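# sequence and predicted structure below; questions after.
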Amino acid sequence: MATWQISGEAGKTFGTNKVTFDAINALDPLLILNTLEPDRFTFRQLFATPAESETIDLTQVINVWRDGVKMFKGNVIDRKITDSTEGVLVETVVEGPWWWLANTPLSGDVTDSFGQTQERILFGFPLQQSKTSLEALIDRAIELGCPITKGSISEGYVLPQLSFANRSCADAIADLCRWLPDATSWFDYTAGENPSLNITRRGDMAKLDLTAGQAPVVSSQLSPRLDLEVDQVRVMYAERDPETRKVKYVELSSGTAGTAQAGTANTITLASTASASDDAYTTLGITIDSGTGSGQTKTITDYVGSTKVATVDSDWGTQPDDTSVYTVGLGGGSTNKPSRQIVTVSGPEISEILPPDLFESEVVQTDALGTTNDVSVFYDNDPVLKDLGITSNLSVGTTVTFGGNTKYIPETDPAARYQKTGEAIPAGYNYYFIKGDYKDWYDYAGYNVLRCIAKATLYKRVNMSVTSYNAYDYIGDTKLQKLFWTADPADGGTYRHGHYQILNGAGELGYSNVVWLFYESQVDFLATDTDWSTETTLWREQLTDYGTPSGTIATDLAATQNWLPYEGNVILRENDIGGTQFMNRKLNIKNSISDYANMGAIVNSVTHDIDIKETTVTLGAPDRYSFANLVNRFRQSARDNVYEL
């Protein structure tokens, strides 16, 4: 028969010496071990006077021992005192380290110096293995002072990006554990001064076989939870279409993989091992995972078992062939259709929580800006020059011929004329827009586009007589009336606009027969350092991007739920109570109905009633996300599924 003892904390009324329950008059000692909830030890004491009852302090540490091995460690969180004529009855409640986790904020709200409530910084995890995230959370809890150590954590699978705000350490750990509905959390109190937190998946648990009708089994009451067994999981998520930049929805479906035999525009011939039953896969999704047509997802609208041909809801973008590896949704029935629940984690309704991200685009095309003799930027942007069909270059000293054989000569080379707000255009900006307008988002979208000005002054020397002082000339509908004070512009004379004068050599009004007529062309254009020689769509930068889950998440979620949970309890009575570790075991009951012999039921809690030497083992599926909660978890917030860029 095992010896049970209890000890306290140094410096407290109830000290560190191990004593039996009888030594402190402890009645009805009850030890309860839980998963994702505080372990608890309770007992009662009867005292003659109130003064005698003050033997155990609130918050002090209590240890419970079995044959010198620590079975429990916690802190006193409550003492219920009943004072009557029969004496003082004290009920002491001690909770294990999960209590500390539940009362230690991982994140939450804080009040600043102005009395404003603000959210603490988020504690988040990227797309990564569940084990990595769980270990990081436990390390964080230890750093924050929780009296635990990190134990053994089973490998899980890659979880989507997750973040936690306004959560305790316990809430965050439980949140991650709910992604693993075949795992249980438990504390090992034998590990050292502080207990170690372990998270064990069903596949890593050792089997424990009990026999109905034989000691120590007194009774068992079990029932299957068919509603918790899952045949198929579908995960819908949003991503950007690389061509249109718009949101599209992608479905990941748990299922078995195969290599196609062939494909047509809207069919795929599944592997020879596929079902021989008609419509076996109708309504299920099919995804080309690799090979020809990789990345395409369709819905099967018809399936012919004899030929293995599945017809899909629309034509393939790339027709599959005998290299295409596909996945079709799982099926459990005689026709391979799902016979149990299908968990659709999310769906098109995800659009309801996506922030508006309306893309603006501009179709552009460029031409070479050219060097000193370029005329194109003027020809493309000055309707007068274009209407007159200017085709000559504009370099200094050349003769530019307009309609009617009128000839003008440029004053300055184009390279000197191009400007960006009064400055020279930077080197490398060798192209200009022949299609497309300026957008204020070009710069921060990564497109180098400058608004520029090109100026060209074309002049013509005409001979005039004194009788023709009011003569003028035109280019198109533009009247030319710009004259020099001197006969040669190289002399640096001053321009007059809007009228003319005929001057003599002395600068006085006279009968000079030399007049200079000018046409000024000024055009706005867009210069860029990129050669978009063909029509190209420029996109405003996206403000958001979408979290992409692991490509195997649907299969992984299905794998954690492809076993049939059993709920109920098994009662054992044994003199050597507490000698068996139940919390990390999967339980079978032999000598009963055949289903129980290999059910592998997971233990949710264990209650040791030490006085009457009775242990109650409670079985059931670990806490998990229900369908609705799982959908909400995927959609919990924009910070998890939508990245602001």
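Arrived safely.
# L58 - how many residues pack around it?
The number of residues packed near L58 is 10, by other CB atoms under 10 Å. All C-beta atoms are positioned from the backbone trio N, CA, C, and that covers glycine.
# tell me the SS of it?
coil (DSSP: H, G, I helix; E, B strand; the rest coil).
# also N632?
Recorded secondary structure, N632: helix (three-state DSSP).
# any idea how far it is from K455?
The gap separating N632 from K455 is 63 Å, by CB to CB, to the nearest Å.
# the two: who's more crowded?
More crowded of N632 and K455, by other CB under 10 Å: K455, with 16 against 12.
# what pLDDT does that one get?
pLDDT for K455: 76.
# helix or strand for it, which one?
strand 449-463 (DSSP states H and E).
# from M71, how far out is the nearest residue to N63 once chain neighbours are set aside?
Among residues not flanking N63 along the chain, S7 sits closest, at 4.7 Å (CB to CB, 6 or more residues apart in numbering). According to CB to CB, S7 stands 12 Å off from M71.
# tell me where the stretch 251-400 of the chain has helices.
376-381, 383-387 (DSSP state H, counting those that start in this stretch).
# what's the answer for the chain, then?
For the chain, the helices defined by DSSP state H occupy 98-102, 130-143, 169-177, 376-381, 383-387, 414-417, 553-559, 594-597, 627-634, 638-641.
# buried stuff in stretch 557-577?
557-572, 574, 577 (16 or more other CB atoms under 10 Å).
# how about the strands in the stretch 301-450 of the chain?
Using DSSP state E, counting those that start in this stretch, the strands of the stretch 301-450 of the chain run over 309-312, 325-329, 341-344, 361-368, 400-401, 407-410, 431-435, 449-463.
# for the fourth one, name the packing helices and strands.
Based on contacts counted as 3 or more CB pairs under 8 Å, 6 or more residues apart in numbering; DSSP states H and E, the elements that strand 361-368 packs against are helix 376-381, strand 431-435, strand 536-539.
# pLDDT weak spots in the stretch 1-150 of the chain?
Flagging of the stretch 1-150 of the chain using pLDDT under 70 yields the residue ranges 108-114, 117-120.
# mind running it again at 90?
For the stretch 1-150 of the chain, the stretches flagged by pLDDT under 90 are 1, 13, 49-55, 84-86, 106-126.
# among the helices of the chain, which is nearest L538?
Across the helices of the chain, L538 has its closest neighbour in helix 376-381 (19.0 Å, CB to CB).
# what about that closest one, distance to the chain center?
48 Å (CA atoms, centre = their mean, to the nearest Å).
# convert the C-alpha atoms of it to PDB, please.
The C-alpha coordinates for helix 376-381 follow below in PDB (Å, rounded to 0.1, in the frame of the first residue of the first chain):
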ATOM      1  CA  SER A 376       9.500  62.500 -81.600                       C
ATOM      2  CA  VAL A 377       8.500  63.900 -78.300                       C
ATOM      3  CA  PHE A 378       7.400  67.200 -80.000                       C
ATOM      4  CA  TYR A 379       5.700  65.400 -82.800                       C
ATOM      5  CA  ASP A 380       3.700  63.200 -80.400                       C
ATOM      6  CA  ASN A 381       2.700  66.000 -78.100                       C
END
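# tell me the helices and strands packed up against it.
Counting by 3+ CB pairs under 8 Å, 6+ apart, helix 376-381 packs on strand 361-368, helix 383-387, strand 431-435, strand 449-463, strand 514-528.
# quick one: average pLDDT of it?
On average, helix 376-381 scores 76.
# cool, stretch 187-206 as well?
94.
# distance from that stretch to the middle of the chain?
The answer for stretch 187-206 is 31 Å, by CA atoms, centre = their mean.
# just the buried positions in it, please.
For stretch 187-206, by 16+ other CB under 10 Å, it's 187-189, 191, 195-202, 205.
# CA atoms only for that stretch - export them in PDB, please.
Provided in PDB are the C-alpha atoms of stretch 187-206 (Å, rounded to 0.1, in the frame of the first residue of the first chain):
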ATOM      1  CA  PHE A 187       2.100  18.100 -16.200                       C
ATOM      2  CA  ASP A 188       4.900  15.700 -15.000                       C
ATOM      3  CA  TYR A 189       5.500  16.600 -11.300                       C
ATOM      4  CA  THR A 190       8.300  14.100 -10.900                       C
ATOM      5  CA  ALA A 191      10.600  16.100 -13.300                       C
ATOM      6  CA  GLY A 192      12.200  18.400 -10.700                       C
ATOM      7  CA  GLU A 193      11.400  21.400  -8.500                       C
ATOM      8  CA  ASN A 194       8.900  22.800 -11.000                       C
ATOM      9  CA  PRO A 195       6.600  20.500 -13.000                       C
ATOM     10  CA  SER A 196       7.200  20.100 -16.800                       C
ATOM     11  CA  LEU A 197       4.400  20.800 -19.300                       C
ATOM     12  CA  ASN A 198       4.100  18.100 -21.900                       C
ATOM     13  CA  ILE A 199       1.900  17.900 -25.000                       C
ATOM     14  CA  THR A 200       1.500  14.400 -26.400                       C
ATOM     15  CA  ARG A 201      -0.300  13.500 -29.600                       C
ATOM     16  CA  ARG A 202      -2.300  10.200 -29.800                       C
ATOM     17  CA  GLY A 203       0.200   8.600 -32.100                       C
ATOM     18  CA  ASP A 204       3.000   9.100 -29.500                       C
ATOM     19  CA  MET A 205       1.000   7.800 -26.600                       C
ATOM     20  CA  ALA A 206       1.600   4.300 -25.200                       C
END
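# list the contacts of it.
Contacts of stretch 187-206 with the rest of the structure, by CB atoms under 8 Å, 6 or more residues apart in numbering, involve 33, 39, 69-73, 96-98, 134, 138, 147-156, 173, 177, 180, 182-186, 560, 563, 584-586, 600, 602.
# skipping adjacent residues, who's closest to L27 in space?
Nearest one to L27, counting by CB to CB, 6+ apart, is R44 at 4.4 Å.
# what's near enough to touch the one you found?
Here R44 is in contact with 26-28, 89-92 (CB under 8 Å, 6+ apart).
# just the buried ones from the residues you listed, in ChimeraX syntax?
To isolate the buried ones among the contacts of R44 in ChimeraX, judged by 16+ other CB under 10 Å, type:
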select :26,89,90,92
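# among the contacts of R44, which one lies nearest to P383?
T92 (95.6 Å).
# hang on, isn't the closest one packed against V76?
Yes - applying CB atoms under 8 Å, one finds T92 in contact with V76, separated by 6.1 Å.
# now do the shared contacts for those two.
56, 62.
# touching, T287 and P320? I think so.
No - if you go by CB under 8 Å, T287 and P320 don't touch, sitting 10.9 Å apart.
# who has more neighbours out of these two?
Between T287 and P320, counting by other CB under 10 Å, P320 is the more crowded of the two (27 against 23).
# which residues are in contact with each of T287 and P320?
296, 326.
# ok, back up a step: out of the helices of the chain, nearest to I610?
Ranked by CB to CB, the member of the helices of the chain that lies closest to I610 is helix 98-102, at 20.9 Å.
# which strands and helices lie in contact with the closest one?
For helix 98-102, the packing partners by 3+ CB pairs under 8 Å, 6+ apart come out as strand 69-84, helix 169-177.
# just name the most buried of the ones you listed.
helix 169-177 (a mean of 22; mean count of other CB atoms under 10 Å).
# got the contact list for that one?
With CB under 8 Å, 6+ apart, helix 169-177 has contacts from 36, 98, 101-102, 104-106, 123, 130, 133-134, 137-138, 140-141, 144, 146, 159, 162, 164, 167, 183, 185, 197, 199, 622-623, 633.
# just the buried ones from the residues you listed?
36, 98, 101-102, 106, 123, 130, 133-134, 137-138, 140-141, 146, 159, 162, 164, 167, 183, 185, 197, 199, 622-623, 633.
# just give me the residue closest to the centre of this protein.
Residue closest to the average C-alpha location in the chain (CA atoms, centre = their mean): G547, at 2.8 Å.
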